[in-house]
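Asker: Task: produce atomic coordinates for the following.
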Amino acid sequence: MSLPKPLMRGLLGKRLRFHLPIAFALSLIAAAAFKYGVTEPRKQAYADFYKHYDAIKEFNAMKEAGVFESARPTGE
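Answerer: The predicted structure is shown next:
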């Protein structure tokens with residue numbers, strides 16, 4: 001008793017018809033999960049931070065701390 005020959009003709013097309021829609025759906029799910037799980041919270045965090053951020057106050061605090069060598073503190 002011998003083994004039957006494997007069916008090779010049309011195998012790639014048959015496997016693609018099965019796996020391609022699954023791959024496409026999983027990629028869409030992954031993209032949506034990344035958008036709503038990573039980018040949207042990050043954008044919200046940036047918006048919350050810059051809502052009350054005062055750049056001049058921050059610059060003056062760093063200048064007083066001596067971070068910048070080219071800017072002198074106002075007391076000198």
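
Asker: State the three-state secondary structure for residue 40.
Answerer: Local secondary structure at residue 40 is given as helix here, using DSSP: H, G, I helix; E, B strand; the rest coil.

Asker: wait, I meant residue 2
Answerer: When the structure is split into helix, strand and coil by three-state DSSP, residue 2 lands in coil.

Asker: Quick check: it vs residue 45, distance?
Answerer: Taken as Cβ to Cβ, to the nearest Å, the spacing of residue 2 relative to residue 45 amounts to 66 Å. C-beta: built from backbone N, CA, C; applies to glycine.

Asker: How about residue 55?
Answerer: 18 Å.

Asker: what mean pLDDT does stretch 32-49 have?
Answerer: Over the span of stretch 32-49, the pLDDT mean works out to 98.

Asker: What's the end-to-end length of it?
Answerer: With Cα to Cα, to the nearest Å as the measure, the ends of stretch 32-49 fall 25 Å from one another.

Asker: so how far is it from its chain's centroid?
Answerer: When distances are taken as Cα atoms, centre = their mean, to the nearest Å, stretch 32-49 is centred 9 Å away from the chain's centroid.

Asker: neighbouring contacts of it?
Answerer: With contacts defined as Cβ atoms under 8 Å, 6 or more residues apart in numbering, stretch 32-49 is touched by no residue outside it.

Asker: 10 Å - rerun?
Answerer: Counting contacts by Cβ atoms under 10 Å, 6 or more residues apart in numbering, the residues outside stretch 32-49 that touch it are residue 53.

Asker: Mind listing what's buried along it?
Answerer: Counting neighbours by 16 or more other Cβ atoms under 10 Å, one finds that stretch 32-49 has no buried residues.
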